[in-house]
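Participant: Below are the sequence and a predicted model; questions follow.
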Amino acid sequence: MSETAPARRRTRPHRVRAARWPLLLAFASLVASTQVLWLSFAPVTTRAADTLGVSDGAIGDLAVVNPIVYVLLAIPAGRWADRRFGLALSTGAALTAAGALLRAVNPESYGWLLAGQVVLSVGQPLVLNATTKVASRWFPATERTRAIAVGAGAQFLGILVAATTAGPLMDAGGLPLLLGAYAALATGAALALVVALALVPPAFAADAGPSPSLSWLRHDRLLLKLAALLFVGVGLFNALATWLDPILEDLGMAGSGGTIIATTTVAGLVGTAVLPDLAARRDRRRTVLLTTTVLAVVVFPLVSVLPAVGLVAVALAVVGFFLLAGMPIALDWSELEAGPERAATATGFLLLAGNLGGAVLVLAVQAVVGNPYLALGAFALLALPGVAVASRLPARAGSHRDPEPSTSRDATP
């Protein structure tokens, strides 16, 4: 991180190991797997329902299990990870793999699929909440933003994998191949991470002691603002992925929604790889988050008057480039704010807000989705509170609290 960026909290340095990168890769693979398992049936809902002899709604319920369980367990899972990180993350890996394998045992039984979905959903918060904790324990300050971006970006990669592979796998071998392939992916990632955790000692923060109160979280204005931004940002992306196809169909661009959502997601992955590190090095996190919300307010109404599919794709790709990068930027800032000892709890809180936003904004847009102009206007209106919140963020990370010593906590590799 540049000299102008605020220093992170000082921790007794240890040896930073080169194996931190394979560990991060294993963790990112598991994060991506949680999203693949969550959305396994979304691209093949009707065919899966026919195979299982249930309604489309019953298949949709399998995906609903994950956000419901996450909302219930996000904070408890974060607190456990802050106290016993290795055990919590290993448990999350084991539950993710176990749930995926349960689904594959009897892939044509709805009961087995539901049981597996519940099990892997319990593991999901233990995995996702570890994103900032992995960065703060194994990576020096100069690499921490990049590590958080990799972990957070893996969520979007998993969504893209599910969207692009479920259909072909279903075509090639039905539910047995679909669920078997995804179980192999999750089990391989879980095993790789558990082995890496055993072989690569953390270089920095130790586990926190018992924390009987969450008052620090309730009274931290920065974390509350970041949570509000994720509520809006994740909500907008989920609503876009859910309703873009019918909106474009009403605008005379039928059949283009899936391709444009994939393009928007790829652009977001590029933004996730570029923007968080750039914002951290120049200490311009607020600038990027404010730009993101302003773009959403401007671009969504613009889509309603663009005359060609290509122009719509370009416009939404620009939004995606910034929108998806907002999550790792917010998580990186939360680790600076909460410190490594409470990073998992802070991450759980922010992702909880994002999950709630994903549900609320999808329902809000649904009310007007029959009119494409009203629907796109609703996107802009829902983004407006994000502009207000982002404009009230501190101009520089750390400026909301007393200055800390500038001593680096990097260790010699």
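Facilitator: Perfect, thanks for sending it.
Participant: show me where pLDDT drops low in this structure?
Facilitator: Across the chain, the ranges flagged by pLDDT under 70 are 1-14, 205-213, 398-413.
Participant: which residue packs closest to Met170, ignoring adjacent ones?
Facilitator: Closest residue to Met170 apart from its sequence neighbours, by C-beta to C-beta, 6 or more residues apart in numbering: Val44 at 4.6 Å. Yep, even glycine has a C-beta here, placed from its N, CA and C like the rest.
Participant: So that neighbour sits against Gly167, correct?
Facilitator: Yes - in this structure, Val44 sits in contact with Gly167. The criterion is C-beta atoms under 8 Å, and the distance is 6.0 Å.
Participant: Those two: which has the busier surroundings?
Facilitator: For Val44 versus Gly167, the count of surrounding residues by other C-beta atoms under 10 Å is larger for Val44: 20 against 14.
Participant: So for the helix or strand harbouring Pro125, what gets flagged as buried?
Facilitator: Secondary-structure element containing Pro125, defined by DSSP states H and E: helix 110-128. Within helix 110-128, the residues that qualify as buried are 110, 112-128, counting by 16 or more other C-beta atoms under 10 Å.
Participant: again, but for stretch 380-389
Facilitator: Along stretch 380-389, the positions that meet the burial threshold by neighbour count (16+ other C-beta under 10 Å) are 380, 382-383, 386-387, 389.
Participant: ok, now stretch 74-84?
Facilitator: If you call a residue buried by 16+ other C-beta under 10 Å, then stretch 74-84 has these buried ones: 74-75, 77-83.
Participant: could you redo the residues you listed as CSV and give each row secondary structure and distance to Leu191?
Facilitator: Converted to CSV, those look like this (DSSP: H, G, I helix; E, B strand; the rest coil; distance: C-beta to C-beta, whole Å):
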residue, secondary structure, distance to Leu191
Ala74, helix, 25
Ile75, helix, 28
Ala77, helix, 21
Gly78, helix, 24
Arg79, helix, 26
Trp80, helix, 22
Ala81, helix, 20
Asp82, helix, 25
Arg83, helix, 25
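Participant: Which of those residues lies at the shortest distance from Ala364?
Facilitator: Checking the buried residues of stretch 74-84 against Ala364 with C-beta to C-beta, the nearest one is Ala74 at 21.8 Å.
Participant: So the closest one sits against Gly354, correct?
Facilitator: No - checked against C-beta under 8 Å, the pair Ala74 and Gly354 is beyond contact range at 9.9 Å.
Participant: hang on, the earlier thing: tell me who's in contact with the residue nearest to Met170.
Facilitator: Taking C-beta atoms under 8 Å, 6 or more residues apart in numbering as the definition of contact, the neighbours of Val44 are 166-167, 170, 178.
Participant: how far away is it from Leu169?
Facilitator: Look at Val44 and Leu169: by C-beta to C-beta, to the nearest Å, they are 9 Å apart.
Participant: Perfect, I'm done here.
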